[in-house]
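A.B. asks: Next comes the sequence, and after it the predicted model I'd like to discuss.
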Amino acid sequence: MPETVIDILLVEDNPSDIELALYAFKTNEIIDRVHIVRDGVEALDYIFRNGKYQNRRVQDIPKIILLDLKLPKVSGLEVLKRIKSDEQMKTIPIIALTTSKELSDVSSCYRSGVNSYIVKPVDFDEFAEAIQSIVNYWLILNHFPKQL
């Protein structure tokens, strides 16, 4: 039985933001290609195939990661640094999708290799539009390197 292709790994701990994102993904007809993890440890386990994800096929890595910065257990910035420091995983585009407008957070993310930094819109329609733009650019227009 073939496994579902995961295009997007959503790393988010806020249930309301997860619900908004899932609704936006559903309207873009990609809901079945999204995997959600709710903290930094789970994100790293998913990417590096540890813990409950140890049996995930190595070739089933996400095309993009939407990463909140304010996560429990391990911060989003630390998740970003660990992924971008790994030779095999560093090519995965990571989009910081966060509430922080702090210049220090933006700078830290770009210094650590983030591919894009988006402040989460508060308004639902604007949030859905941001998700639509992310999907259009990263999954339709963007060209990815050959997978692992």
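C.D. replies: Good, I have the coordinates.
A.B. asks: show me where the chain has strands.
C.D. replies: 8-11, 34-37, 64-67, 94-98, 116-119 (DSSP state E).
A.B. asks: For the first one, which strands pair with it and how are they oriented?
C.D. replies: Meaning strand 8-11. According to DSSP bridges, strand 8-11 forms sheet pairs with strand 34-37 (parallel), strand 64-67 (parallel).
A.B. asks: roughly how far apart are I18 and L44?
C.D. replies: 19 Å (CB to CB, to the nearest Å). Yep, even glycine has a C-beta here, placed from its N, CA and C like the rest.
A.B. asks: between these two, which one's more packed in?
C.D. replies: L44 (20 against 16; other CB atoms under 10 Å).
A.B. asks: Quick check: closest non-adjacent residue to I134.
C.D. replies: Leaving aside its sequence neighbours, I134 sits nearest to I95 (CB to CB, 6 or more residues apart in numbering; 6.2 Å).
A.B. asks: Might you report the residue contacts of the residue lying closest to N14 once chain neighbours are set aside?
C.D. replies: In space, not counting the residues next to it along the chain, N14 is nearest to D68; the distance is 7.2 Å by CB to CB, 6+ apart. Residues in contact with D68, defined by CB atoms under 8 Å, 6 or more residues apart in numbering, are V11, E12, D13, N14, D17, G76, A96, L97, T98.
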